[in-house]
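Engineer: Show me how the following folds:
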Amino acid sequence: MKKIELEIVALSHSVTQSSNYAVVLGETEGNRRLPIVIGGNEAQAIAIAMERMTPNRPLTHDLLKNTLLTFDIDLKEVIISNLIEGIFHARLICVKNGEEYEIDSRTSDAIALAVRFDCAVYTYEFIMDKAGIILEDGMEKNESTKSKRKKEEKSSERSLGTFSDNELSNMLEEVLNQEDYEQAVRIRDEMKRRENKS
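Structural biologist: Numbering: from 1, shown residues only. Predicted coordinates for the structure are as follows:
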């Protein structure tokens, strides 16, 4: 199966789940985005590594990295390998003495380790088809604060199930323009749910 290389393009607070965050991965050669909801601790672990900060004592992911390196094990790459019932699954591809080993991992932990080892993150086409979001070329990224607030208020007044297909399509374009990937995922899920019913 052909692998698609990804990079972290954003790490943001989740609008829908106050205690969670979203890490947004983007194709290195393409315009699709893969948003993944993660916990606060994992978001902090990723952010600290991305900012090259050194905590006073090693965090769990730093400890694992140090342990792997102590035993001459290198993290070659991370593969987001499956999506089952809305949950992403990942594998760590490790190398010791020229031999490869695969280790099952939560996706958030795998990404936190990938940042520390500065290794590539990959996924497969079927995952991008299921959960990816396409950014159109030349999309406007700026929108007035007033317009954003109006849209958010409108969205919160009605559940997605009450919007027509056309309204959902327009809303999806608007939230993608604003790079609000969490809302885009919810809208896309509602659209797919309707497609599956028909």
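
Engineer: so what does the helix ranked longest in the chain touch, helix or strand wise?
Structural biologist: If you go by DSSP state H, the chain has its longest helix at helix 181-197. Secondary-structure packing of helix 181-197 (3 or more Cβ pairs under 8 Å, 6 or more residues apart in numbering; DSSP states H and E): strand 3-13, strand 20-27, strand 32-39, strand 133-134, helix 165-177. Just so you know, the C-beta spots here come from the backbone N, C-alpha and C atoms, and that holds for glycine as well.

Engineer: Tell me which of those sits nearest to Lys65.
Structural biologist: Among the helices and strands packed on helix 181-197, strand 3-13 comes nearest to Lys65, with 17.2 Å by Cβ to Cβ.

Engineer: pLDDT score for Glu5?
Structural biologist: The score at Glu5 is 96. That number is its pLDDT.

Engineer: what's the weakest-modelled helix or strand in this protein?
Structural biologist: Lowest by mean pLDDT, DSSP states H and E among the helices and strands of the chain is helix 145-157, with a mean of 42.

Engineer: if we can go back for a sec, just send the helices and strands packed on helix 181-197 back as a markdown table, with mean neighbour count and distance to Arg193 too.
Structural biologist: Output for the helices and strands packed on helix 181-197, formatted as a markdown table (neighbours: other Cβ atoms under 10 Å; distance: least, Cβ to Cβ, whole Å):
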| stretch | mean neighbour count | distance to Arg193 |
| --- | --- | --- |
| strand 3-13 | 16 | 25 |
| strand 20-27 | 20 | 20 |
| strand 32-39 | 21 | 18 |
| strand 133-134 | 18 | 16 |
| helix 165-177 | 16 | 11 |
